[in-house]
Every structure is written in C-alpha cells, then in structure tokens.
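*Asks:* Can you look at this prediction? I've put the sequence above it.
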Amino acid sequence: MVVTFPHMGTLNIPVKTFLEGIGQEVVLPPPSSKRTIELGVKHSPEFACLPLKINVGNYIEAWEKGADTVVMAGGVGPCRFGYYAQVQREILQDLGCDMEMIVMEPPDCDWKDLKHQYRRLTQRRISTGQLVKTLHLVWKKLNAVDEIEKLSLKYHPYEINRGDTKKAFDQILKWIEEAKHPKEVKEVLTAGKKKINKIERDLQRQPLRIGLVGEIYMLLEPFASLNIQWSLGDLGAEVSKSIYLSDWVKEHLVFNALHLNRSGSLKNLAKPYLNHFVGGHGLETIGHTVKYANGGYDGVIQLMPFTCMPEIVAESILPQVSKEKDIPVLSLVLDEQSGEAGVATRLEAFLDLIARRKAQQEGELVWMSI
Amino acid sequence: MDVYLGIDVGSVSTNVVTLNENNEITHKIYLRTQGRPIPAVQKGLEQILTAAGNHLSVKGVGTTGSGRHLASLVAGADSVKNEITAHAVASSHVVPGVQTVLEIGGQDSKIIIIRNGVAVDFAMNTVCAAGTGSFLDQQASRLDIPIEEFGNLALKSHNAVRIAGRCSVFAESDMIHKQQMGHSLEDIICGLCEALVRNYLNNVGKGKEILGAVTFQGGVAANAGIKAAFEKALGMEVIIPEHFNVMGAVGAALLAKEAVQKKGTTLFKGFEVKDMDYRMKSFECTHCSNQCEVVEMLRNGQSVARWGDRCGKWSTMIS
C-alpha cells in the first residue's frame, strides 16, 4: 500500500510524519501547479468548489507517481466538503485510477468509524508506544510550522529586500520537515526564529493590520488564494490569519472530541449577527471579523472559493458587521478562473482605501486641501 | 508651464491629461489602446507635446489602469495606483460632496462608495463583463450604428422592451429575438440600456448604500441611454463630470502631485521616451512547479525590466 493525501498549505509536513510514523509508505503529490489545476478542472464538476478540483488534480498526479491509496478527511454539516471524498472516489474510478480511499471522519462525530479507518491504514500492528511517540512528534511539528508562519507573516512587511522572509520561511519548513525527534524540532524552531529575526528590517514602517478570514482551504493553501497572504505583505500589510491547522486540530481532535466547547467566545462574538451553525467556517468568519474589529485591526479580507455556501451566507452578513463595527471588509471570491491582475487591483485598492481612511481619521490626508 | 501628467492605460482606451498647479486640466488626449499599450502611451505623450507646443515642465507623473505598471516603466511614474483609488480621488476632487461613483469602462465596471471625501467601500464586476464598453461597442457595430449615437437612439424610445441582461451572449440573443418579433430599434436599445443598468446594480452595486451625489464616469458615461436608465433606476440625478472619460488619468495626476509633494522630485524620464524603441519578450520559466510566465522589456535593445516571476529570480537580475 502506497498512501497519498491532498495538499493544503503546510499540511503535508505533519501528515507525512504521522503516516510514516505508523509504518506507511507515502508518496506526496507534486506541489500543486498549473497542471494540477488543469487536471482537476478537467475531471471535476464545473460547479464544485476550487478545493475539490485541486484535490482531484493532486490525486491524479500522486497516482502517476505510484500511489494506490488516498487518505482524505470527511466532514459533516451543510458544507459540501463532507461529500468530497465520495465524489472524488467516483471521479477516480471513472478515470481508471485504481485507488483505495480511506476517509477519516472528524473524531467528534464518529469515534468508532475513525478507529476502523485507522485499522485499514495500519496493516502492520503498531505498538501503543510507537503511536504515542509518533503523535508527539506530529504535534510538535504542527505547532512549529504554524509558529514560524505566524512569525514570518508578522515580520514580512518590514523586510528591506523583498522576498527574504518568504525564502527563509520555505527553508525553515524544510528543516522542520526533516526533523526526526521532538527535540530536533525544538532545535530547528529556535534556529528558524533566529533566522527570521536576522532578516534586515525597517522598523520605522507602520504596516496596516489586516485580518484574513474565510474558508479554511483558501486560508491554508497559498496556491489556491494566489498567495494573498504574501502579496499583502509585499504591499506593506501585516497579515493575521484566522485559521491555522494547529488551531483546527485543537478544536476538532481535542476539545470537541472531549465535548469541551472552546469556540464559545467566537460564537458569542458572532451572535448579534449570526446565531447558528451554517456549515464550514461561516460562523467563524463572522466571529473573527468582530474579533479583528475589536482588536483594532485596519481591515478584514474574506477569502472564499466560488460557490462556497457557508461563506456566501457570511458574505451577505459581513456588510452589517462592517458598518456597525466600523471596519472595512473586502470579500474575494476565487476559483480557477481568477485573474491575478484583478485580485492584485482589488487588494491594492482596498489597502489604499484603508490607508487614506486612516490618514483622514488622523488628520494627515493632504490632497483634499491642495 | 508646470504640469502634472496623468496616464490611464485601460483595456479599450489610453488617456493622458496634464493638470496645472491649480489642478485644472490643460490638455487631454483620449486614444484607443488597440491592444498595444506601449505605443499608445508613446503616442499620447507625443500628442500632449504637440498640443502644448514644447512649453511643458513636467513636475510629476502618475499612472493608473490595467497597464499602469507598463506605463510607469515607459514614462517613469511617481505614483502607480489602481483605477479605484484614481477614480475616487478624481471624483471627489471634481464633484465635492460626491458619495457614490459609478464607473463603467471598457471591461471593468465598478462602484465606489465615498463618505467625507474618502473611499469607504468599493466593488468591481467579478464573473461577468456584460454591460461594459466592449459589449456596447460590439452591439453598436453589429447594428451598424456609430457608438456615439447609440445612447441617443435609446432616448427616442417610448416603450422599452425587456432584454435579458445577465449575460452578454444571451443579451445579444434576446435582442435579436426582439428584433425578429418586429420591435423598433430604439425600443430594443433602450431595453438593452435598462437591462445593463439592472445587471450592474444587481451584481456590482449589490449591498451598497447608494447616496447622492452620484457621479457616472468612464467611457460608457458618454452613452445618454445608460445615464437615463441609471436615473430611472436610482430615482435621483446622476452627474456626469465634464471630463468623464479621462477621470482615471485626472486621478493619477492628482496622486502624482501628492506623491511629489511628499518626496520632492519626479521620476519622469522625459518626453524623448516617445521615440524610443520598446520590445517585449516572454517565456515560461520551468525551474519549479509555479511555471511563471516571465516578461522582459527591452528599450533600444537593452533589457530594462523583467517581471512575472514569483520567486524573484528573474526580476531581481535587473535593478
């Protein structure tokens, strides 16, 4: 059995570590590229959302490299994601890609099935000790990766030579990927932080603070969002993302599974505008927007794939939040048709709008008086 | 005469204006881009020079429009800004108190919400270009009516027919259907204008609070039929600024002035760039999975800029 799984930002680092830790042979799909999208779009339903299409492209490319089994997450609720794996299995079958599909449902809904799927995945018996060791390493890597990303995004707008931070980030990811023990992860994390701290920066700059909210795949996979998190930094904005993989894992694999309700505060923040689950991360999008507004952020950008239902619900509520909380919000709908120029124009215009608004509030807008 | 130069390179037209120190337009040039942005910019500069008769001292240059970066490489710009900012700035300068800007250009349509003189919200057409200048152009030429008279015909209509305006291809089918049913051309064109305005307000203007004063700018504002349809749909007067078709360039010039006031000097390369030889080369980089399309600009045979790569390998080779 040769296992593969779809890309989603830095997801490959912890998941590959996990699968290899439990004795699986893993083949990663090549990094998502134009070809991935072309393959995915060709074989997926037109109105499926972009993540599904990129997934399908990933599978086909992994199959070409010799993978015969796909590990995929499942889901419940109104978002179509819960049905992805089934649709994708059908697509692969029709294509003649003879691949097994192992669907891991979130543990907060079905422990027994998860256990069953885990057994399918581990044909050899793995001792509990080995499993615990692996999970420990995975957990360390997961957190290290997110910590480095948060730090990089924070420092990015200050860099003097454009691209330095991103380059350092990519390199540190490699170090974390290659680490074999939790201790080693700790060491490369320290080294990584040092590396980022050493990047030449202009601390006089006052970057605009932007919160990114929206659908999880678009937030985690820079390839799908046309690298928005980095291009915002290039334009001089400090970016905070509302979703990180480690947060998601804590939420779903730990707290929800133990029936500890942790997103309570987010739910409370969203309550005046939306008081029930709408699938995906729709509710969180509203909650995080309120949170960013309360936190003094200068603006919020919502990212969503075209035809994403939960985010459409959120999108139609956001103007109200924007008005009452007095924070500019830009919704960006992305799919394989999105033109980079169009997105760049909107981002630039949005940052200009925020900057001029801020300058006016602080009495520094000069041109009006020319 | 001291002037600020504004250059707007759009999909359909390239506009160049000069503003004097009092922010008054001294010259304006409206050209068709015709798919060749660099010659268009060169021609625009040449015509400005001819019109002004060599008495210009350029204090600053601003570029905007989808070709703003290219225009900046040719002319040397102090401010390179997107169309939304440029239009917002121009509109609130020309029409003080404006709160809503409707802008329809060749392929873009946008709405900008302005409060207290600054833009607070905006939207652009996303999935559809129905109702923009290119489509109207195409319909006018299909009906063999000069585009300049297209809108006036709509005003002669007494009973606009209902045209499906969501998609330009279906709008055309519907127009043909109505024409074969025997409706008059005036009524069909008037119906088309109303359909396009409906489409604009539903897609671009959705969820926005449209308050007066409303300005309507961009090339399509020349179309009296669309203006009338907007006024009917919004129930308020729509102001068309005198220089509606070059507002982007006006905004660019104002932004250039602002930028130059901050930093003191201009990057303008001089009017001689109009006679230089520019060539473009492009290739797909195969060094990683991004497969970026890298573009290179040669001026008089010498490489002056490269862009399009995400990693910066090519673009940093030239400083």
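*Replies:* Sure, I can see it.
*Asks:* what's the burial count for the residue in the stretch 1-150 of chain B positioned nearest to chain A?
*Replies:* For the stretch 1-150 of chain B, the residue closest to chain A is residue B:84, as judged by C-beta to the nearest C-beta, at 3.6 Å. No exception for glycine: its C-beta is placed from N, CA and C like everyone else's. Residues contacting residue B:84 under the criterion other C-beta atoms under 10 Å in any protein chain shown number 28.
*Asks:* Ok, residue B:220 next?
*Replies:* 29.
*Asks:* again, but for residue B:92
*Replies:* Residue B:92: 24 neighbours (other C-beta under 10 Å).
*Asks:* these two touch, right, it and residue B:115?
*Replies:* No - taking contacts as C-beta atoms under 8 Å, residue B:92 lies outside contact range of residue B:115: 10.1 Å.
*Asks:* ok so, going back, which strand or helix spans the residue of the stretch 1-150 of chain B closest to chain A?
*Replies:* Per DSSP states H and E: residue B:84 is located in helix B:83-94.
*Asks:* Give the buried residues for that helix.
*Replies:* B:83, B:84, B:85, B:86, B:87, B:88, B:89, B:90, B:91, B:92, B:93, B:94 (16 or more other C-beta atoms under 10 Å in any protein chain shown).
*Asks:* Give me every residue in the stretch 1-150 of chain B lying close to chain A.
*Replies:* Contact residues, the stretch 1-150 of chain B versus chain A (C-beta under 8 Å from any C-beta of the partner chain): B:23, B:66, B:81-85, B:88-89, B:92-93, B:116-122, B:124, B:126-127.
*Asks:* Tell me which residues are up against stretch B:19-36.
*Replies:* For stretch B:19-36, the external contacting residues (C-beta atoms under 8 Å, 6 or more residues apart in numbering or on different chains) are A:370, B:1-4, B:6, B:9-18, B:40, B:43-44, B:47-48, B:51-52, B:67, B:93, B:243, B:245-246, B:249-250, B:253-254, B:257.
*Asks:* rerun that using 6 Å as the cut-off
*Replies:* Under the contact criterion C-beta atoms under 6 Å, 6 or more residues apart in numbering or on different chains, stretch B:19-36 has outside partners B:2-4, B:13-18, B:40, B:44, B:47-48, B:51-52, B:243, B:245-246, B:253.
*Asks:* What subset of those is buried?
*Replies:* For these, buried by 16+ other C-beta under 10 Å: B:3-4, B:13-18, B:40, B:44, B:47-48, B:243, B:245-246, B:253.
*Asks:* Can you give me the neighbour number for residue A:77?
*Replies:* The local packing count at residue A:77 equals 15, with neighbours defined by other C-beta under 10 Å.
*Asks:* Low-confidence bits of chain B, can you list those?
*Replies:* Of all residues in chain B, those with pLDDT under 70 make up the ranges B:126-131, B:316-319.
*Asks:* Could you chop it up by domain?
*Replies:* Per automatic domain parsing, the structural domains of chain B span B:2-87+B:248-275, B:96-240, B:278-317.
*Asks:* Could you pull out the buried residues of the last one?
*Replies:* Same thing as domain B:278-317. Quick answer for domain B:278-317 (16+ other C-beta under 10 Å): B:278, B:285, B:290, B:292, B:294-297, B:299, B:306-311, B:314-315.
*Asks:* Please apply the same query to stretch B:211-222.
*Replies:* Per 16+ other C-beta under 10 Å, stretch B:211-222 contains these buried residues: B:213, B:214, B:215, B:216, B:217, B:218, B:219, B:220, B:221, B:222.
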